[in-house]
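J.: the following comprises the amino acid sequence and a computationally predicted model.
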Amino acid sequence: MLNKPRAGDSTRNWPVQKFAETYLARNSTAEVGCHELLQFYKEVAASGELEPLSKAEFLRRLPPAMEATFGVLKSHNIKGERGRVRGFRGVGYRQDNRPITAAEVDPPIEPEIVLPEPDLDPKPPTGPMPMTFVRTDSPRI
């Protein structure tokens with residue numbers, strides 16, 4: 001079958017981890033519930049892209065796959081349609097449907113550059129204004 005683990009693939013979570021790598025991405029503001037992920041996984045499995053798993057099997061394999069892929073732990077305080085549910089923070093649905101890269105799993109930390117704000121309302125100069133004189137009686141060269 002297309003979705004069987006490859007030789008040397010040591011993880012038992014292969015279909016769930018493959019699902020996470022292909023369809024999910026880091027998103028610091030996102031939250032996603034376990035049952036929401038289960039429904040999405042079932043749709044992907046029904047299309048033949050991944051091995052079908054039972055609800056119990058998927059939910060058992062999901063936390064280690066999410067930790068291995070994104071370094072996130074399961075939370076019991078995710079906002080769901082019916083109140084608080086179990087799920088994951090900092091992960092959302094991938095928009096481009098391509099596997100994640102190493103930079104996305106562990107993005108480099110870029111230093112924050114703080115620029116001074118421009119003075120949009122400069123204060124008028126105080127004191128006497130400098131004057132420039134032009135002689136008009138001398139011939140131009």
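T.: Sure, I can see it.

J.: got the CA coordinates for the helix or strand where residue 86 lies in PDB?
T.: Using DSSP states H and E, residue 86 maps to strand 83-93. Provided in PDB are the C-alpha atoms of strand 83-93 (Å, rounded to 0.1, in the frame of the first residue of the first chain):
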ATOM      1  CA  GLY A  83     -16.300  25.500  25.100                       C
ATOM      2  CA  ARG A  84     -12.800  24.300  26.100                       C
ATOM      3  CA  VAL A  85     -11.500  21.200  24.300                       C
ATOM      4  CA  ARG A  86      -8.200  19.300  24.100                       C
ATOM      5  CA  GLY A  87      -5.800  20.200  21.300                       C
ATOM      6  CA  PHE A  88      -2.700  22.100  20.400                       C
ATOM      7  CA  ARG A  89      -1.600  25.700  20.500                       C
ATOM      8  CA  GLY A  90       0.800  27.300  17.900                       C
ATOM      9  CA  VAL A  91      -0.200  25.000  15.100                       C
ATOM     10  CA  GLY A  92      -2.800  25.600  12.300                       C
ATOM     11  CA  TYR A  93      -3.700  24.300   8.900                       C
END
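
J.: what sits up against it?
T.: Residues outside strand 83-93 that contact it (CB atoms under 8 Å, 6 or more residues apart in numbering) are 20, 23-37, 40, 66, 70, 72-80. The way it works is simple: take the backbone N, C-alpha and C, and place the C-beta from them, glycine included.

J.: which of those residues count as buried?
T.: Buried members of those, scored by 16 or more other CB atoms under 10 Å, are 20, 23-27, 31-34, 36-37, 66, 70, 72, 74-75, 78.

J.: name the residues of the lengthiest helix in the chain that are buried.
T.: When the chain is scanned for its longest helix (criterion: DSSP state H), the result is helix 55-70. For helix 55-70, the neighbour count (16+ other CB under 10 Å) marks 58-59, 61-63, 65-66, 69-70 as buried.
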